[in-house]
Each structure stands twice: as C-alpha cells, then as structure tokens.
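Novice: Just the structure for this:
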Amino acid sequence: MAEQIHVFVSGMVQGVGFRHATYRQAQKLGLRGWVRNLPDGRVEAVIQGERPLLEKMIEWCGHGPALARVDRVAASWEPAGAELAPFEIAF
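Specialist: Prediction:
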C-alpha cells in the first residue's frame, strides 16, 4: 500500500541542483509526486510510494546532491489520497 510524505528541506538547497537531483532519486526509486523551491529558500516535496522507499528518500534528503548543505529535513507522514502523477519538478 502506498503512503505519502510531505518534506521541507532547509539549508543551502536552492541553486545547487537539489530539485533536479531529487527528481532523479525519486525516479530511481519509482516514487510519485513533486518537488519545488519555496520563496523562503527551502525545498518542498510531496512524495508517494512504499514506506521503505519513502524512508530511503527521507534519508537521501538529509544530504542531497554534492553541492547542497542540508541543515534540516522536516518530514511528516500523511494519508495518501489520490495517486499523484509521475514525479515532476513543480514551479
């Protein structure tokens, strides 16, 4: 059964390829959802998939791509509603 997480990542996570790397990691894990930059400098994502894969994604968000500096990952588990589209970068 698919589950869903809502993630906020803080630190130096914009302008370092974080969204694109998140997209690639989500594709690799077969996850659905989206990722976007927020005006306050954080990155936000909503991701659906199987719990073990979502746990891997949260772990990955803790470091992100090579140029990122992650200070904090806030992930909350939510009830999965309708199935989200294949993973995309939202604007």
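
Novice: who's in contact with Leu31?
Specialist: By Cβ atoms under 8 Å, 6 or more residues apart in numbering, the residues touching Leu31 are 47-49, 53-54, 57, 87. Yep, even glycine has a C-beta here, placed from its N, CA and C like the rest.

Novice: cool, Glu50 as well?
Specialist: Per Cβ under 8 Å, 6+ apart, neighbours of Glu50: 1-3.

Novice: Could you identify the buried members of those?
Specialist: Glu3 (16 or more other Cβ atoms under 10 Å).

Novice: Closest one to Glu83 out of the contacts of Glu50, please.
Specialist: Here the nearest of the contacts of Glu50 to Glu83, counting by Cβ to Cβ, is Ala2; it sits at 7.1 Å.

Novice: Give me the neighbour count for Arg51.
Specialist: 12 (other Cβ atoms under 10 Å).

Novice: whoops, Arg19 was the one
Specialist: 23.

Novice: go on, Arg69?
Specialist: Arg69 - counted by other Cβ under 10 Å - has 11 other residues nearby.
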